[in-house]
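[1] Provided below are the primary sequence and the corresponding predicted coordinates.
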Amino acid sequence: MRDTVSRVSDRLPDGYMVTDVDYDNLIAIMEIVNERENYIILTVEEYSGFDTKGFSEIIVNGSPVYGLVTNDYSVLKYNIDNTLYTLSSWYDYHDLIEISKNII
């Protein structure tokens, strides 16, 4: 898991920075901020499936990601190499997709 966190940190777009990393059992939790002061949470964990009901499918770099936007937050989820990535933010998908373009 720590290798995945290092790879994500190394691949963030310009203007994005990991400000904290924590671990909860087998889940890595990263706090990311960007130049516009958008606060983003990225969790990385072993993939065991997830329900896509209510999510919209979006293609990023040729891979499907699943997004949900509410009045309070937005979420993107996707599986890469048996690892589930979940990104969330108070704002729309834009920043989450920008980060994902560098991970996928």
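    All right, it came through fine.
[2] show me the contacts for the residue most central in space within the chain.
    By Cα atoms, centre = their mean, the chain has its centre lying nearest to Leu87, at 2.9 Å. Counting by Cβ atoms under 8 Å, 6 or more residues apart in numbering, Leu87 makes contact with 40-42, 75-77, 96, 99-100. Bear in mind the C-beta positions are built from the backbone N, C-alpha and C, glycine included.
[3] quick one: buried ones out of these?
    Neighbour counting with 16 or more other Cβ atoms under 10 Å marks 40, 42, 75-77, 96, 99-100 as buried within the contacts of Leu87.
[4] what's the least confident helix or strand in the chain by mean pLDDT packed up against?
    Using mean pLDDT, DSSP states H and E, the weakest-scoring helix or strand in the chain turns out to be helix 2-11, at a mean of 78. Applying 3 or more Cβ pairs under 8 Å, 6 or more residues apart in numbering; DSSP states H and E, we find helix 2-11 packed against strand 16-24, strand 27-34, strand 39-46, helix 94-103.
[5] how far does the last one sit from its chain's centre?
    In terms of Cα atoms, centre = their mean, to the nearest Å, the centre of helix 94-103 is set 7 Å apart from its chain centre.
[6] any idea how far the residue nearest to the centre of the chain lies from Ile59?
    Plainly put, Leu87 is 16 Å away from Ile59 if you go by Cβ to Cβ, to the nearest Å.
[7] cool, and Arg7?
    22 Å.
[8] more crowded one of these two?
    Neighbour totals were compared for Arg7 and Ile59, and Arg7 leads with 12 against 9 (other Cβ atoms under 10 Å).
[9] which pair of the buried ones among the contacts of Leu87 spans the longest distance?
    Ile40 and Lys77 (13.7 Å; Cβ to Cβ).
[10] how about low-confidence regions in the protein?
    1-2 (pLDDT under 70).
[11] go again with 80.
    Scanning the chain for pLDDT under 80 picks out 1-7.
[12] burial check on the spatially closest residue to Asn34 that is not a sequence neighbour, number of neighbours?
    Excluding the flanking residues, the one nearest Asn34 by Cβ to Cβ, 6 or more residues apart in numbering is Tyr16, at 4.7 Å. Neighbour count for Tyr16, taken as other Cβ under 10 Å: 18.
[13] fine by me, thanks again.
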